[in-house]
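**Student:** no sequence for this one, just the structure:
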């Protein structure tokens, strides 16, 4: 079953790993006020594919951050001195 969603995070949004030791680890994104948890598959045999996905998320988040930083710099330059 496919699931598609889009959120615009609030000012208090944070992300991090949640879990106690090896019990129920998850990547959790608190979007202020909503949250999203990405849990690993229960079968360790498919963890390599899940690890690949997590690395893609990491790399894509970094790519987006770099893009937004550059775009912000351009917007700041366009604003000029006040």
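**Tutor:** Everything's here; your move. Bear in mind the structure is a predicted one, so any value in this text is a computation, not a measurement.

**Student:** show me the shaky parts of this protein.
**Tutor:** When residues are selected by pLDDT under 70, those of the chain lie in 77-82.

**Student:** same thing but 90
**Tutor:** Across the chain, residues meeting the criterion (pLDDT under 90) sit at 1-3, 19-24, 72-82.

**Student:** quick one, helices of it?
**Tutor:** Assigned helices in the chain, in chain order: 47-79 (criterion: DSSP state H).

**Student:** any idea how it splits into domains?
**Tutor:** Described in terms of automatic domain parsing, the domain architecture of the chain consists of the residue ranges 1-39, 41-82.

**Student:** chain center to the last one: distance?
**Tutor:** Translated: domain 41-82. Between the mean C-alpha point of domain 41-82 and the mean C-alpha point of its chain there is a distance of 7 Å (CA atoms, centre = their mean, to the nearest Å).
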